[in-house]
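**Student:** Pasting the sequence and the predicted coordinates here, then a few questions.
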Amino acid sequence: MKTFFRFLLVALLLGPIAAETADAQGILGRARDAARRGAERAVEREAQRRADRAVTSVINAAADAVICVITDEACIEQARAENRPVVYTDTDGNPVDETGNPVNPATAGAATQRPGEGAWANYD
């Protein structure tokens with residue numbers, strides 16, 4: 001019986017201490033998790049802000065571009081005089097490069113890549 005009371009006394013004395021320690025670890029753990037989530041959100045916001053800025057600059061550059069038929073020298077010269085980018089087209093309005101060759105935006109640059117280069121480098 002004496003042993004039971006000793007055990008009960010020790011349990012009553014150590015119980016609140018153990019509970020406070022566990023609660024403190026829980027609070028610190030939650031604070032650490034909240035700080036980590038806040039940092040992750042800040043990084044995501046910064047990445048989104050930079051991506052938005054890059055897209056906006058591309059859109060603005062495209063909006064300033066002058067579309068000229070490849071054979072219209074006056075249009076091309078005027079755009080260059082105004083220091084604006086020129087987008088070349090053929091007489092049907094299809095995009096072409098400066099030499100008059102058709103440009104397909106989906107495959108631009110793909111012709112220069114050989115197996116083992118670019119996207120092909122990681123192809124297994």
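**Tutor:** Nice, thanks for sending it over. Residues are numbered from 1 along each chain as shown.
**Student:** sec struct for A51, please.
**Tutor:** helix (DSSP: H, G, I helix; E, B strand; the rest coil).
**Student:** Do you know the pLDDT at it?
**Tutor:** pLDDT for A51: 88.
**Student:** again, but for P95
**Tutor:** Looking at P95, its pLDDT is 86.
**Student:** Show the contacting residues for it.
**Tutor:** Shown in contact with P95 (CB atoms under 8 Å, 6 or more residues apart in numbering): 87-89, 102-103, 105. (C-beta placed from N, C-alpha, C; glycine too.)
**Student:** Pairing partners for it in the sheet, please.
**Tutor:** T89 (DSSP bridges).
**Student:** That one and I67: what is the separation?
**Tutor:** According to CB to CB, to the nearest Å, P95 and I67 sit 9 Å apart.
**Student:** hmm, back to that, quick one: which of the contacts of P95 has the lowest pLDDT value?
**Tutor:** P105 (59).
**Student:** How about Q78, nearest residue that isn't a chain neighbour?
**Tutor:** V66 (7.6 Å; CB to CB, 6 or more residues apart in numbering).
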